[in-house]
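Undergrad: what follows is a predicted protein model with its sequence.
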Amino acid sequence: MPKNILVVLCIVASFIWASVGTPGIATFYSSYIPSACYGNTPQGILIAAAGDAIWNNGAGCGKFYNVKCTGPRNPVPHPCTNSTVRVKIVDHCPGCQSTLDLSQPAFAKIANPVAGIINIDYC
């Protein structure tokens with residue numbers, strides 16, 4: 001299947017919440033300056049650091065992902081906001097327990113920051 005078709009399917013899925021996302025884990029962090037991809041050049045506030053699998057030796061730099069909270073990973077009840085956020089990969093999070101380490105504003109769009117760590121679907 002051509003890559004463009006997969007991208008379109010992922011975007012459509014983010015609107016209709018079809019189950020084509022990849023499951024993962026998200027945490028958040030407050031600063032990505034300097035970042036592994038862009039040095040000291042800011043890339044906005046809806047950004048993320050990639051865990052090793054997405055990072056892929058730097059190939060993940062600049063890629064965009066739609067992220068949706070699917071549930072808690074700790075006792076915080078109902079952390080999800082039932083929203084999605086589109087983030088740009090700007091940094092690497094080597095050895096992280098999370099798939100994506102979101103900026104705090106990105107995390108807050110999809111979950112209560114008090115949760116600290118959540119289950120996600122991303123594409």
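TA: Right, received. Where do you want to start?
Undergrad: and G24, what element?
TA: Taking DSSP states H and E as the definition, G24 sits inside strand 22-29.
Undergrad: list the buried residues in stretch 93-105.
TA: For stretch 93-105, the neighbour count (16 or more other C-beta atoms under 10 Å) marks C93, C96, S98, T99, L100, D101, L102, S103, P105 as buried. Just so you know, the C-beta spots here come from the backbone N, C-alpha and C atoms, and that holds for glycine as well.
Undergrad: for the first one, which non-adjacent residue is spatially closest?
TA: The shortest distance from C93 to any residue that is not its chain neighbour, by C-beta to C-beta, 6 or more residues apart in numbering, is 3.9 Å, and that residue is A49.
Undergrad: what's the burial count for that neighbour?
TA: Taking other C-beta atoms under 10 Å as the criterion, the count of residues near A49 is 27.
Undergrad: mind telling me what element it is part of?
TA: strand 47-50.
Undergrad: distance of the residue nearest to the spatial centre of the chain relative to V20?
TA: Here the mean C-alpha position of the chain is nearest to the C-alpha of L100 (C-alpha atoms, centre = their mean), at a distance of 4.6 Å. Using C-beta to C-beta, to the nearest Å, one gets 17 Å for the distance from L100 to V20.
Undergrad: can you verify my assumption that the residue nearest to the centre of the chain contacts Y29?
TA: No. The pair L100 and Y29 fails to qualify as a contact (C-beta atoms under 8 Å) at a distance of 10.4 Å.
Undergrad: need the residues touching each of the two.
TA: Common contacts of L100 and Y29 (C-beta atoms under 8 Å, 6 or more residues apart in numbering): A49.
Undergrad: what sits against R86?
TA: S14, L46, F64, Y65, N66, V67.
Undergrad: measure the fourth one to L46 for me?
TA: Summarising the geometry, the distance separating Y65 from L46, computed by C-beta to C-beta, is 10 Å.
Undergrad: which stretch of helix or strand covers A53?
TA: helix 52-55.
Undergrad: ok, and what's touching that helix?
TA: Contacts of helix 52-55 (C-beta under 8 Å, 6+ apart): G60, K63, Y65, I89, H92, C93, P94, G95, C96, T99, L100.
Undergrad: next, count neighbours for the nearest residue to I33 once chain neighbours are set aside.
TA: Using C-beta to C-beta, 6+ apart and skipping the chain neighbours, the partner closest in space to I33 is N40 (6.0 Å). For N40, the number of neighbouring residues by other C-beta under 10 Å comes to 7.
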